[in-house]
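Asks: no letters, just coordinates:
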């Protein structure tokens, strides 16, 4: 006969029924729940950032009345400020103006637009596609910043820089027309080829801004929370509130460029 203690131990392990086994369906359900939790946190992180694009329609409205040189230089200044703001939002210890100046000031590691873009790209906060367009824009900006009255938008090497910014504008315009099909009095919308050179350039700038801001809003949070950036964006109604507000501002500016 076994000792009492041994007997007590020998009956203390109940058998688990088959219904308690972690089968594949249950494992997948838990994995989806964990991912959904992480995605929710990522979207909340985007929405918590102190940034908005509300001024974009008025900015592009003002740019329409400027010369092409002014359009390029003013937009450049605006874009640099936006990039600085969105990168700065990720830093945790900019407690004083002095500390901020050491990082973003003229002698700081992020004191120039080029350095900010380089760091953001290396951290995975900008895609290769966005970085390529931003590099092309910097080249365009430099041409007019250093040779303002010697360059024209029609110069071939200037056209090459602009071509590198190229987005499929006509497809977006076609989608815009489709959105108004149910209207009894739909607005008249220009084709991309019918826009003036400066209007085409502003459209390129608008979507460069859009692409840059989306990257800097979404990609850092996708990396931090280990979720897909496409899932953070979601669709218009279920995605991030911040991104929805951003899209509304971009759409308003876009319509003001293409509606006749």
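Replies: The structure has been received and is ready for your questions. Bear in mind the structure is a predicted one, so any value in this text is a computation, not a measurement.

Asks: for the rest of this, base every contact and every neighbour count on C-alpha atoms.
Replies: Will do.

Asks: output the below-cut-off pLDDT ranges for this protein.
Replies: Along the chain, the model assigns pLDDT under 70 to residues 1-21, 148.

Asks: what about the helices in the stretch 101-250 of the chain?
Replies: Assigned by DSSP state H, counting those that start in this stretch, the stretch 101-250 of the chain shows helices spanning 113-122, 128-146, 156-164, 169-179, 197-225, 229-233, 241-258.

Asks: and residue 24, how far from residue 31?
Replies: 10 Å (Cα to Cα, to the nearest Å).

Asks: same check on residue 22?
Replies: Distance, residue 22 to residue 31, by Cα to Cα: 12 Å.

Asks: one step back: more neighbours, residue 24 and residue 31?
Replies: With neighbours defined as other Cα atoms under 10 Å, residue 24 and residue 31 compare such that residue 31 has more, 12 against 9.

Asks: in terms of secondary structure, what does the helix or strand that contains residue 69 contact?
Replies: Here residue 69 sits within helix 68-88, counting by DSSP states H and E. Judged by 3 or more Cα pairs under 8 Å, 6 or more residues apart in numbering; DSSP states H and E, helix 68-88 is in contact with helix 113-122, helix 128-146, helix 197-225.

Asks: count the residues that sit near residue 212.
Replies: By other Cα under 10 Å, 22 other residues sit near residue 212.

Asks: start at 372, not 1
Replies: Renumbered: residue one is now 372, and that last one reads residue 583.

Asks: quick one, what contacts the closest residue to it other than its chain neighbours?
Replies: Spatial nearest neighbour of residue 583, chain neighbours left out: residue 501 (6.4 Å); criterion: Cα to Cα, 6 or more residues apart in numbering. Contact analysis of residue 501 by Cα atoms under 8 Å, 6 or more residues apart in numbering lists 579, 582, 583, 586.

Asks: from residue 499, how far off is the third one?
Replies: Distance, residue 583 to residue 499, using Cα to Cα: 11 Å.

Asks: name the helix or strand for the nearest residue to residue 456 once chain neighbours are set aside, please.
Replies: In space, and not counting its chain neighbours, residue 456 is closest to residue 422: 7.9 Å by Cα to Cα, 6+ apart. For residue 422, there is no host helix or strand (DSSP H and E).

Asks: what number of residues lie near residue 422?
Replies: Residue 422, neighbours per other Cα under 10 Å, totals 16.

Asks: cool, and residue 441?
Replies: 15.

Asks: same thing with residue 587?
Replies: Look at residue 587: counted by other Cα under 10 Å, it has 24 neighbours.

Asks: how far away is the nearest residue to it once chain neighbours are set aside from residue 578?
Replies: Of all residues not flanking residue 587 in the chain, residue 496 sits nearest, at 5.6 Å (Cα to Cα, 6+ apart). According to Cα to Cα, residue 496 stands 17 Å off from residue 578.

Asks: with residue 485 instead?
Replies: Residue 485 is 20 Å from residue 578, by Cα to Cα.

Asks: neighbour-wise, which of these two wins?
Replies: Higher neighbour count among residue 485 and residue 578: residue 578, with 17 against 14, using other Cα under 10 Å.

Asks: state the distance from the more buried one to residue 621.
Replies: Distance, residue 578 to residue 621, by Cα to Cα: 8 Å.

Asks: same check on residue 476?
Replies: In terms of Cα to Cα, residue 476 sits 30 Å off from residue 621.

Asks: neighbour count for these two, which is higher?
Replies: More crowded of residue 476 and residue 621, by other Cα under 10 Å: residue 621, with 21 against 15.

Asks: most neighbours among the contacts of residue 501, which one?
Replies: residue 583 (22 neighbours).

Asks: would you agree it is in contact with residue 496?
Replies: No. Using Cα atoms under 8 Å, residue 583 is not in contact with residue 496, being 9.4 Å away.
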